[in-house]
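Chemist: Sharing a sequence plus its predicted fold:
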Amino acid sequence: MTQSIKTNLQESARIVTETHRGLERKKKEKQRKIFFCLLPFTFYCLLSALPAYAETEKNSCPPRFVLTTPSNNVDITFKDWDKTCGNLKSYILSFEEMLLALNKSNVVYLGEIHNNPKDHKNQLKIIQELYKQNPKIAIAMEMFQKPYQGVVNQYLAGKITEEELIEKSEYEKRWGFPWQNYAPILNFAKEKQLSVITLNTPSEITRKVAQKGLESLTPSEQKLIPPLSEIQTNNEEYRQQLESVFQQHQAANHGNSTDIENFFQAQVLWDETMAEGIAKFRKTYPNYQIIVLAGQGHIIYDYGIPSRVARRLKGEKFIQRSVLLSPPDNINQPKQKKAIADFVLQGGLR
C-alpha cells in the first residue's frame, strides 16, 4: 500500500473517530452500524487505487545486488547513501532470495548484454529455477522478429530442425549475435513444451523509421507494428538517455540514423512493439508467468518495455520485476526517480 493511501486511511479513521465522539449516545449504535457496513466498500475502493504494477524504490535507493557466488571480496559501494532507504545490508541478496521474489512476479525482465555469454547462462539458470516452481511460463524474446512466430512454433513442435530455425527465421541477418548463446534456452523451451513469443519489430521497419521517421511508413508497414497512436515519445528522461547513445553511435559511425528524433522514434517503436506482444499474451494467458529476454537498454528505469506493458494493462493488478544480468556502467544515479532495476547480478556465473 502506498504512503499516500496509508495517510488517507489514517486521516479517514481520525475523522470517523472524532465524529463518533461528538454524536449523542442514542445515535452511536446507529452510526456504528453504518460505519461497519461502509467499511468493506471503502477498503475495496482503496485497493482499487493501488498501482497496477510494483512500486519502485524512492529517489536515491539503488537496486538489490544479487551475489551469484558467495564471496567476501565483492566490492559493492554506494556513494552518498540515503539512510531513508534503510539498512545497506538489505540491498545485498543471495541468488535464492532473488528467485523467491521473482517467483511471485507475473512478468520478469532479464536484461542482458547481448555479447556476454555469462548473461545467457544465467538467463537459462533463472528460467530453469522458475520453471521448477511454476511450469506455466512463457519466454518472450527480443532476438526473434514478430513475422517469424510461426517458424519458432514449428521448431518447438519438432517439425523443423535447429538449422532450419536459424535459416527460416533469418536469425543471422536479423539478429546476428552468437547462436550458441540462445540455443540452450530454446532447447529447454522445446523439451518442456514452453511457449516462446517473438517480440521484435521487423528490421526493415525499424531501419526505415531511424532514417525517415514514423510518418514515412506505408499502411501495409503499419500493420506490422502497434497503432501509431500507441507509440508514445513523451518521456523526456528516456529521450535524454538515448541522446547520449545516439551521440556515441554517431562518433563511431554506427547506426542507420543521422537525426536524433528519428533515432528516438525507432527505439520507442522497438519498445512499443515488444510491450504489445507481452501485454497481448498476458491478457490471453493471465495464469502464465512471462520471462522477457531483452537488452538492458529496453529495461532500465522501466523506460522502455516495462512502463509500456503497464500502460497497456492499466487497471490490472500484476507485478513486474527487472533483473540486470551484469552490472551496468553507471549504476548509482541518485537523481533518478526510480532504481535502475529491481536486481543486479554481481559476481559472474551462478
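Modeler: Noted; the coordinates are in hand.
Chemist: Which helix or strand contains Tyr155?
Modeler: Using DSSP states H and E, Tyr155 sits in helix 149-156.
Chemist: Counting by contacts, list what that helix packs against.
Modeler: Counting contacts by 3 or more CB pairs under 8 Å, 6 or more residues apart in numbering; DSSP states H and E, helix 149-156 packs against helix 162-168, helix 183-192, strand 195-200. Every residue, glycine included, has its C-beta placed from N, CA and C.
Chemist: What is the shortest one packed up against?
Modeler: Strand 195-200 sits against strand 137-145, helix 149-156, helix 183-192, helix 260-284, strand 289-295, with contacts defined as 3+ CB pairs under 8 Å, 6+ apart.
Chemist: most packed of those?
Modeler: Highest mean neighbour count among those (mean count of other CB atoms under 10 Å): strand 289-295, with a mean of 23.
Chemist: List of residues touching that one?
Modeler: Residues from elsewhere that reach strand 289-295 (CB atoms under 8 Å, 6 or more residues apart in numbering): 105-114, 123, 126-127, 130, 134, 136-143, 185, 197, 199, 274, 278, 281-282, 299, 304-305.
Chemist: Can you list the strands that it pairs with?
Modeler: Strand pairing for strand 289-295, using DSSP bridges, gives strand 107-112 (parallel), strand 137-145 (parallel).
Chemist: So what's the gap between that strand and the chain middle?
Modeler: 8 Å (CA atoms, centre = their mean, to the nearest Å).
Chemist: so what does the helix or strand just after it touch, helix or strand wise?
Modeler: Next helix or strand after strand 289-295 toward the C-terminus (DSSP H and E): helix 305-312. Helices and strands touching helix 305-312, by 3+ CB pairs under 8 Å, 6+ apart, are strand 107-112, helix 260-284, strand 320-324.
Chemist: Which one of these lies nearest to Asn181?
Modeler: Asn181 sits nearest to strand 107-112 of all the helices and strands packed on helix 305-312, at 8.7 Å, using CB to CB.
Chemist: Show me this structure divided up by domain.
Modeler: 3-48, 64-346 (automatic domain parsing).
Chemist: Any regions of the stretch 101-250 of the chain where pLDDT drops low?
Modeler: For the stretch 101-250 of the chain, the stretches with pLDDT under 70 are 248-250.
Chemist: give the contact list for the nearest residue to Asn181 once chain neighbours are set aside.
Modeler: Excluding the flanking residues, the one nearest Asn181 by CB to CB, 6 or more residues apart in numbering is His120, at 4.2 Å. Shown in contact with His120 (CB under 8 Å, 6+ apart): Glu112, Asn181, Tyr182, Pro184, Ile185.
Chemist: And for Leu224?
Modeler: Under the criterion of CB under 8 Å, 6+ apart, the neighbours of Leu224 are Lys146, Pro147, Thr201, Pro202, Ile205.
Chemist: State the pLDDT value of the most centrally placed residue in the chain.
Modeler: When CA atoms, centre = their mean is applied to the chain, the residue found nearest the centroid is Pro306 (3.7 Å). Pro306 is assigned 96 on the pLDDT scale.
Chemist: And Gly22, by the same measure?
Modeler: Gly22 is given a pLDDT of 46.
Chemist: same question, Ser257
Modeler: So, for Ser257, pLDDT stands at 58.
Chemist: The one 3 residues further on now?
Modeler: According to the predicted model, the pLDDT of Ile260 comes to 87.
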